[in-house]
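S.K.: sequence isn't available, so here's the structure alone:
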């Protein structure tokens with residue numbers, strides 16, 4: 001997370017799991033990566049993704065998986081420049097309603 005004056009303006013969320021079927025090893029899921037628009041283009045996200053890759057490697061992960069919106073070609077280019085490749089997998093979602101307490 002990047003912040004100044006107690007305000008967060010950039011973050012990355014890396015989740016760790018185990019792929020028992022495909023790899024039989026630890027894997028990581030890059031769940032969220034966001035930066036305020038005014039801070040884009042300064043290399044901050046590149047440093048965060050490098051950090052996430054380093055942490056996944058240190059934790060013995062054999063893969064990092066992430067999703068981007070189909071239309072978000074800037075994000076796709078960003079990730080491809082860092083070694084990510086398009087998967088042949090198709091994402092599916094099921095939104096669940098939650099009870100309010």
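M.R.: Okay, I see it. A quick note: this is a predicted structure, and the numbers were derived from the prediction, not measured. Residues are numbered from 1 along each chain as shown.
S.K.: strands along this structure, start to end?
M.R.: 2-4, 7-19, 25-35, 64-66 (DSSP state E).
S.K.: the last one: how far from the chain's middle?
M.R.: Mean C-alpha position of strand 64-66 versus that of the full chain (C-alpha atoms, centre = their mean, to the nearest Å) differs by 6 Å.
S.K.: the residue nearest to residue 34 when sequence neighbours are not counted: how many residues sit nearby?
M.R.: The shortest distance from residue 34 to any non-neighbouring residue, by C-beta to C-beta, 6 or more residues apart in numbering, is to residue 11 (5.8 Å). Just so you know, the C-beta spots here come from the backbone N, C-alpha and C atoms, and that holds for glycine as well. By the measure other C-beta atoms under 10 Å, the count of residues near residue 11 is 13.
S.K.: tell me the spacing between the most centrally placed residue in the chain and residue 66.
M.R.: Among the residues of the chain, the one closest to the centroid is residue 30, at 2.5 Å (C-alpha atoms, centre = their mean). Residue 30 sits 4 Å away from residue 66, going by C-beta to C-beta, to the nearest Å.
S.K.: before we move on, what about residue 59?
M.R.: From residue 59 to residue 66 the distance is 16 Å (C-beta to C-beta).
S.K.: which one of those two is surrounded by more residues?
M.R.: Using other C-beta under 10 Å as the criterion, residue 59 and residue 66 rank with residue 66 on top: 17 against 12.
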